[in-house]
Structure formats: structure tokens, C-alpha cells
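Engineer: need a 3D model of the sequence below.
(one chain, ligands or ions: 2)
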Amino acid sequence: TLMWKKLNNPTESHSSIIEAARLLSHQKVVAFPTETVYGLGADATDESAVQHIFEAKGRPSDNPLIVHVANEDQVKELVSEIPPVAKKLMDEFWPGALTLVLKSNGVAASNVTAGLSTIGIRMPDHPLALALLRATGKPLAAPSANRSGKPSPTTAQHVYQDLNGRIAGILDGGPTGVGLESTVLDCTTEIPVILRPGGITKEDLEEILPQVMVDPALADEQHQPKSPGMKYTHYAPEAPLWLIDGEDEFFQRQLNHLIEDGKRVGVIASDQLAEKLDYEFLIRCGSRNHLSQVAERLYGALREYKKADIDVILCESFPETGVGAAIMNRLNKAAVKKIQTY
Ligand code: TXA
Ligand code: MG
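Structural biologist: Numbers count the residues shown, from 1 in each chain. Ligands and ions are numbered 1, 2, ... in the order given. Just a heads-up that it's a prediction; the model follows:
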């Protein structure tokens with residue numbers, strides 16, 4: 001796997017971008033940064049190129065991929081219609097962490113949409129991703145660039161750890177800013193539905209849309225999710241993650257119990273909880289009052305603790321407002337156990 005030198009001011013004419021675009025035109029897969037997480041890209045119109053993504057990630061073939069575009073003309077080439085509400089959202093939030101599910105016209109390779117009649121599309125807000133898209137001139141199918149089931153990569157090194165030897169190259173743009181994946185919004189229904197909470201929050205959408213719904217499956221595990229990817233084990237760290245929901249003192253007691261049992265515990269905590277706990281194996285993920293910091297650091301923290309050193313990871317719960325909805329969605333999926341005071 002080629003790991004190009006970190007690019008700070010990417011342009012389409014930079015040698016590593018040209019080389020990456022050339023590999024993509026030869027049905028190879030290349031990882032690149034976006035503002036959310038690193039993506040693993042292939043030409044979205046080429047079925048065998050896209051097949052290489054599924055193989056490299058070990059991804060189930062019934063889970064559709066998000067297509068990345070550099071401009072709105074590329075959207076028109078992939079969908080049968082752009083409803084007014086989708087146009088409004090593109091104007092407001094693109095480039096950005098919002099994936100719109102629209103009706104596919106069948107131009108994308110069939111494995112991109114996993115046989116669905118709809119297609120998820122977004123324009124990433126990252127100079128390197130946009131330079132690569134312009135250099136290839138093609139829409140790029142790109143899921144997160146991790147092995148299936150693991151936390152998404154927020155640095156080029158995370159991609160390397162997961163996929164070295166399985167992909168053609170990695171473009172390094174440094175750490176990603178948002179840290180969690182895009183919001184997936186179904187725009188094929190009368191009222192748009194959030195299928196996956198992400199970087200653009202429900203509150204952000206409500207400022208633009210008269211009504212937004214949330215897929216009931218997000219709140220209730222009995223429901224079949226409309227977004228196929230939401231049903232799989234996801235974001236799992238190496239060691240089992242326990243999610244603690246309660247006061248800081250409650251967290252301290254859970255930690256004490258585990259230590260008394262002889263367990264090696266790694267803690268992921270906000271600055272506020274970290275100040276109160278008297279404990280050494282602790283990763284701070286930012287302030288409770290700035291959940292965007294927590295989002296940015298969460299996946300890195302989940303990857304930090306190794307099975308060889310730690311028996312259990314204890315992580316605190318966060319409020320579900322703003323980007324907190326996406327944080328808690330990922331933590332609930334990553335956790336094998338949830339402990340609550342009530
Ligand atoms: O921020 C992101 O969205 C990142 C970066 C690389 O852009 N990509 C990403 O892709 O997270 P991935 O494949 O890991 O997640 C795609 C999600 C899955 O949950 C999938 O089921 C859903 O989007 N999805 C894609 N196409 C869909 C469709 N047509 N209908 C419903 N859900 C769809
Ligand atoms: Mg993913």
C-alpha cells in the first residue's frame with residue numbers, strides 16, 4: 001500500500017493526487033480524508049472497482065455505499081430526480097457532513113446501492129477529497145476506510161493499521177475534523193427521515209426543513225432499520241466497551257468494582273469526569289459542554305486501548321442533544337454492556 005506524504009495544500013495537479021486518480025481509473029481502491037472520517041474510494045460507475053472496496057473492508061454486500069461528488073451536475077447524472085427539499089439541503093449544507101438518499105437512475109454500479117432503488121450521495125467538505133474527485137472526474141463510492149465492524153478511521157495511520165496490503169494507496173490529510181460520519185437523510189419520502197445521525201444535527205436540519213423525522217429503528221432495537229448498515233455490529237474497540245449512564249460518583253463506583261475484581265480497566269471520559277476520577281488509564285475526549293470535541297476524539301480513543309493491555313473499557317454517556325445524538329448512537333452500538341443508575 002502506497003502511503004503518500006502528508007498533503008497540506010492539495011491541488012488537482014499535485015503528483016500524489018494525479019497518481020491516486022490514475023490508480024482509481026485502473027479499478028484500484030484508494031483511501032482519502034474527508035471532513036468526517038477517512039473514506040475508501042473507487043469509481044462508483046465501475047462494478048469491479050467497487051467490488052474491491054467490499055473485499056478490502058470485509059463488508060457485507062447488502063450494505064450500500066455512499067457516493068461522493070464534486071459538484072451538483074454529478075448528482076444529476078446519478079438520480080432520476082432531485083426533489084426541491086433535496087436541492088434546498090444541498091444549497092445549505094454542501095459541501096458537508098450530510099448524505100442525501102435519493103432515487104437512483106441506475107447509472108451507478110449495482111453493487112454501490114446493494115440492489116436498492118435509492119442512492120446515498122454527498123459532497124465532502126475537504127480540499128483533498130474535492131481535489132481527488134476533480135482529478136478523477138468520476139463520482140467515487142466511499143465507505144469509511146476501516147475493516148468492517150471497527151471504529152471509522154480519523155487519521156491516515158488508522159487506515160494503514162486496518163487496510164495495509166489490502167488497498168492501493170492512502171492520501172494523508174492529517175486528522176479529520178468532525179470525527180463521526182455524515183448524517184444519512186432519506187429524501188425519497190414526503191417528510192425527510194434521518195436514517196443515521198451524524199455531523200449535521202437534527203437541530204441544524206430543523207432550521208431549514210418544516211419537519212424532520214428520525215427512523216424509529218434508531219431508538220428501538222425491535223424495528224428493522226431502513227439504512228442497511230445500521231443493523232451490523234459496528235465501531236467495536238478491541239476490548240469490550242461498557243457504557244456507564246449516571247452521576248460521576250456512580251461511574252467511580254463501577255470503576256472501583258472492576259478494579260477490586262482484578263480487571264485492567266481503560267477509561268474514556270470527559271474533562272469534567274477525568275478531573276474527579278483518581279485514575280491513571282484514562283483518555284480524555286474533551287468537554288461535556290463541547291460535544292464536537294468529543295465527536296472529534298471518540299474513534300481515536302476507542303482505537304487506543306489494546307486487548308493486550310486492557311480487559312474492559314469504561315466510557316461515560318453524553319447528552320443526546322446536537323452531535324450528542326450521533327455520539328450516543330455510535331457508543332450504544334460499540335458497547336457490549338450498558339449500566340444505568342435507574
Ligand atoms: O461521513 C461519511 O458518511 C463517511 C465518509 C467517508 O464520507 N462514509 C461512511 O460510509 O460512513 P459507510 O459506508 O461507512 O456508511 C454508509 C451508511 C451505511 O449505514 C449505509 O447503510 C447507508 O449509509 N446508506 C448508503 N446508501 C443508502 C441508501 N441508498 N439507503 C439507505 N441507507 C444507505
Ligand atoms: Mg462505516
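Engineer: what segments of the stretch 151-300 of the chain are helices?
Structural biologist: If you assign secondary structure with DSSP state H, counting those that start in this stretch, the helices in the stretch 151-300 of the chain sit at 156-163, 202-206, 248-260, 271-276, 291-304.
Engineer: typo on my end, it should be the stretch 1-150 of the chain
Structural biologist: Using DSSP H, counting those that start in this stretch, helices in the stretch 1-150 of the chain cover 15-25, 47-57, 72-76, 84-93, 127-136.
Engineer: turn the ones you listed into JSON lines, including mean neighbour count, distance to ligand 1 and mean pLDDT.
Structural biologist: To be clear about C-beta, it is placed using only N, CA and C from the backbone, and glycine gets the same treatment. Listed next are the helices of the stretch 1-150 of the chain as JSON lines, based on neighbours: other C-beta atoms under 10 Å; distance: least, C-beta to the nearest ligand atom, whole Å; pLDDT from 0 to 100:
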{"stretch": "helix 15-25", "mean neighbour count": "18", "distance to ligand 1": "15", "mean pLDDT": "98"}
{"stretch": "helix 47-57", "mean neighbour count": "19", "distance to ligand 1": "9", "mean pLDDT": "98"}
{"stretch": "helix 72-76", "mean neighbour count": "15", "distance to ligand 1": "14", "mean pLDDT": "98"}
{"stretch": "helix 84-93", "mean neighbour count": "16", "distance to ligand 1": "13", "mean pLDDT": "98"}
{"stretch": "helix 127-136", "mean neighbour count": "23", "distance to ligand 1": "8", "mean pLDDT": "98"}
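Engineer: those: which one's closest to residue 288?
Structural biologist: Among the helices of the stretch 1-150 of the chain, helix 84-93 comes nearest to residue 288, with 26.0 Å by C-beta to C-beta.
Engineer: contacts for the closest one?
Structural biologist: Residues outside helix 84-93 that contact it (C-beta atoms under 8 Å, 6 or more residues apart in numbering): 72, 75, 82, 98, 100, 102, 123, 185, 187, 192, 200, 204-205, 208-209.
Engineer: tell me the buried residues within those residues.
Structural biologist: Buried members of the contacts of helix 84-93, scored by 16 or more other C-beta atoms under 10 Å, are 75, 82, 98, 100, 102, 123, 185, 187, 192, 200, 204-205, 209.
Engineer: now distance to residue 323 too, for these, in CSV please.
Structural biologist: Conversion of the buried ones among the contacts of helix 84-93 to CSV gives the following (distance: C-beta to C-beta, whole Å):
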residue, distance to residue 323
75, 25
82, 27
98, 13
100, 19
102, 24
123, 20
185, 15
187, 21
192, 19
200, 9
204, 9
205, 13
209, 18
